[in-house]
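Novice: how would this look folded up:
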Amino acid sequence: MNTPPTIRAARPEEAQVLTELALRSKAYWGYDPEFMEACREELTIGPDKIRDDVFHHYLAQRDTDILGFYALEKLAPEGTFELDALFVAPEHIGQGVGRALIEHAKQVAARVGGRRLIIQGDPNAEAFYRAAGGEITGQRESGSVPGRFLPIFTIALG
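Specialist: Down below sits the predicted model:
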């Protein structure tokens, strides 16, 4: 059994590593190269975004290996946060890393006044978000692929 990962705040200088991890994680689901290229901008994490106080970026690591990460965004309606990203390195999918990250995200959001967490999820992640307490509450058009609609999950916090 693997030891649980350590979860810590991401640093701006890790932005490129997180971007590469996000792209590898998304590609895990078998998307073609054209689709992946269309998603590149949306999946890019810049150092300025990590520095931005509106976002909370955390990563999971074991020893020096980064296993996954997430980003929370505080939205205008008081008490609402959106899971802006949650990606696990393909070689660590199914090992509890995603579960550790989503639970940590829920705790962080609740600790800073969050009452609900909104998630625009990839259709391949539906079972994962439902297991984390998410209920489908709508859909939203993809920011990368016009005409592609993605499920919106909501998790009540606290």
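Novice: State the distance from Ile50 to Ala76.
Specialist: Ile50 sits 21 Å away from Ala76, going by C-beta to C-beta, to the nearest Å. Heads up, the C-betas are built off the backbone N, CA and C, glycines and all.
Novice: Which one's more surrounded, these two?
Specialist: A direct count of neighbours by other C-beta atoms under 10 Å for Ile50 and Ala76 places Ile50 higher, at 19 against 5.
Novice: Retrieve the pLDDT associated with that one.
Specialist: Ile50 is assigned 97 on the pLDDT scale.
Novice: Residues touching stretch 146-156, excluding its own?
Specialist: 106, 115-123, 126, 129-130, 132-142 (C-beta atoms under 8 Å, 6 or more residues apart in numbering).
Novice: does Thr19 really touch Lys49, like I thought?
Specialist: No: between Thr19 and Lys49 there is no contact under C-beta atoms under 8 Å: 10.2 Å.
Novice: who has more neighbours, the two?
Specialist: Between Thr19 and Lys49, counted using other C-beta under 10 Å, Lys49 has the larger neighbour count: 19 against 16.
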